[in-house]
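Colleague: sequence and predicted model, in that order:
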Amino acid sequence: MLVKLPNGQEQRVSTESNRPVEWFSEENYLFELSKLREKLRDWLKSGPVIRPLRHYNLVKSWLDQELIDLSISRPRARLSWGIPVPGDSSQTIYVWLDALLNYMTVAKHSQSKMNIWPPSVHVIGKDILKFHGIYWPAFLLAAGLEPPKSLLVHGHWLVDDQKMSKTTGNVVSPQSCINLVTATGLRYFLMHEGVPASDGNFSMKRMVRIANSDLADGIGNLVSRCCGKSLNPLQTRLGVSPSSFESCGTPGSDLLSLLERTPDIVHDEYQKWNFYKGIDQVMALVRGANGFFQTMEPWKLKKEGQLDQLNATMAVTLETARVVGTLLQPIVPSYSERLLDKLGVPQENRSWDFARLRWTTTETALGSQQAVLFPRIKFD
RNA sequence: GGCGGCGUAGCUCAGCUGGUCAGAGCGGGGAUCUCAUAAGUCCCAGGUCGGAGGUUCGAGUCCUCCCGCCGCCA
């Protein structure tokens, strides 16, 4: 864009960096991107390659036009650091070509267990869509290699609807967020509030509120209610059977219904990268469990000596907590680990197969850890 | 200029394939409980579904125009 200098002259500057720009010409090697348009189109059509759909459409519209060949080298005279062009040491490979190969280097060679090229999903920010939706797949296709099977393109975090910038002074430091709410709290907030197709609005206040409400209060308190020695002196988790729910009447059958349908819905939302919707479903289940517990009033059942119903109530609630912990593993792994540890769930029983109600007669000892999964954060 | 996306309660969103003229969470107000991370539960208030017109028995949902925001191309 054109800006006016103090001396009255006008200067063109970059719209992003505000640094002066000028015309010049030089010789470079070019990558024949123009010859790859059809291959890129074929890749785009091969499935839900780019999501959300708006970004897929954007790349599609770029491929509706001719592609211009891409400069991929610079004269060594002004770019001495880097990989020399094979057979012509007067030119250096431009960094934005070879840098992308780091994805492949890590994926293919770091550990034998992880030879996973092409990746099933590559997560990127929307600002680098052209590189990852056009150039990178083109380089790979030209080399006879497979591009990623899909790209998940997410929006940006704004602050009060404004881009973060040093100039505006509204930059949010991830480390300061972690210091305040822990990595778990930050992750939870980002996944809870992140709608892939649109930019999010970041707020420290809102982050604390959401982390507290869900991780400390909703789930953390529920687990505390069940695991406390007051209601659970033997510190065990009893098995659940259909009669566990039946003996709790309507509240039991209502919770059973919720518990049965939630995992599939969550799975479908996760598959579509709609983590925020999946989290909504999980939290609805948590609220259902708290409501069930409140209705059953196990502290009264204990006083009255109704041990069968007390046991059923505890078993049902703890089974629900187990499912919740399993469902939330992709969202908040270490929090879920603590939860599942507290419930005495073996490591081999934490995969997705166990992210649903399971009938069992097995009695499991609770972990001896402190039951505070997520301390409430003081703020304001 | 052309094309595309978005606009639903204070905030974040769902609903968007026409049918209880709208829901959830957070926030706010009130009540209640004490097993529990002062948590839980219940109740209430909050909505011109950007605006106008149209189609239809019926529109937040379909069509047209306008307003605002964002993006791509030129």
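Modeller: Looks like it came in fine.

Colleague: helices of the stretch 51-200 of chain A, residue ranges please.
Modeller: A:53-63, A:95-98, A:101-109, A:129-130, A:136-142, A:174-193 (DSSP state H, counting those that start in this stretch).

Colleague: as a markdown table, these with mean pLDDT would be great.
Modeller: Below are those laid out as a markdown table (pLDDT from 0 to 100):
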| stretch | mean pLDDT |
| --- | --- |
| helix A:53-63 | 91 |
| helix A:95-98 | 86 |
| helix A:101-109 | 83 |
| helix A:129-130 | 93 |
| helix A:136-142 | 95 |
| helix A:174-193 | 95 |
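
Colleague: name the residues of the longest strand along chain A that are buried.
Modeller: Determined from DSSP state E, the single longest strand within chain A is strand A:88-93. Counting neighbours by 16 or more other C-beta atoms under 10 Å, one finds that the buried residues in strand A:88-93 are A:Q91, A:T92, A:I93. All C-beta spots, glycine's among them, are computed from the backbone N, C-alpha and C.

Colleague: which residues touch A:L339?
Modeller: A:I219, A:V223, A:A321, A:V324, A:G325, A:L328, A:L373 (C-beta atoms under 8 Å, 6 or more residues apart in numbering).

Colleague: helix/strand/coil for it?
Modeller: Under DSSP: H, G, I helix; E, B strand; the rest coil, the three-state class of A:L339 is helix.

Colleague: returning to that earlier point: what's the closest of the contacts of A:L339 to A:E22?
Modeller: Distance to A:E22 across those (C-beta to C-beta) is lowest for A:L328, with 53.3 Å.

Colleague: state the distance from that closest one to A:Y94.
Modeller: As judged by C-beta to C-beta, to the nearest Å, A:L328 and A:Y94 stand 43 Å apart.

Colleague: looking at the two, which is more packed in?
Modeller: Neighbours per residue (other C-beta atoms under 10 Å) separate A:L328 from A:Y94, with A:L328 holding more: 26 against 20.

Colleague: show the pLDDT at the residue nearest to the more buried one when sequence neighbours are not counted.
Modeller: Nearest residue to A:L328, sequence neighbours excluded (C-beta to C-beta, 6 or more residues apart in numbering): A:S336, at 4.8 Å. pLDDT recorded at A:S336 is 97.

Colleague: does A:S336 touch A:T326 like I think?
Modeller: Yes - between A:S336 and A:T326 a contact is recorded at 7.1 Å, counting by C-beta atoms under 8 Å.

Colleague: follow-up on the earlier one: dump the buried residues of strand A:88-93 into a markdown table; add pLDDT and distance to RNA strand B as well.
Modeller: Converted to a markdown table, these look like this (pLDDT from 0 to 100; distance: C-beta to the nearest atom of the strand, whole Å):
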| residue | pLDDT | distance to RNA strand B |
| --- | --- | --- |
| A:Q91 | 95 | 27 |
| A:T92 | 95 | 26 |
| A:I93 | 94 | 24 |
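
Colleague: now the residues you listed as CSV including distance to A:G47?
Modeller: Shown next, in CSV, are the buried residues of strand A:88-93 (distance: C-beta to C-beta, whole Å):
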residue, distance to A:G47
A:Q91, 38
A:T92, 37
A:I93, 32
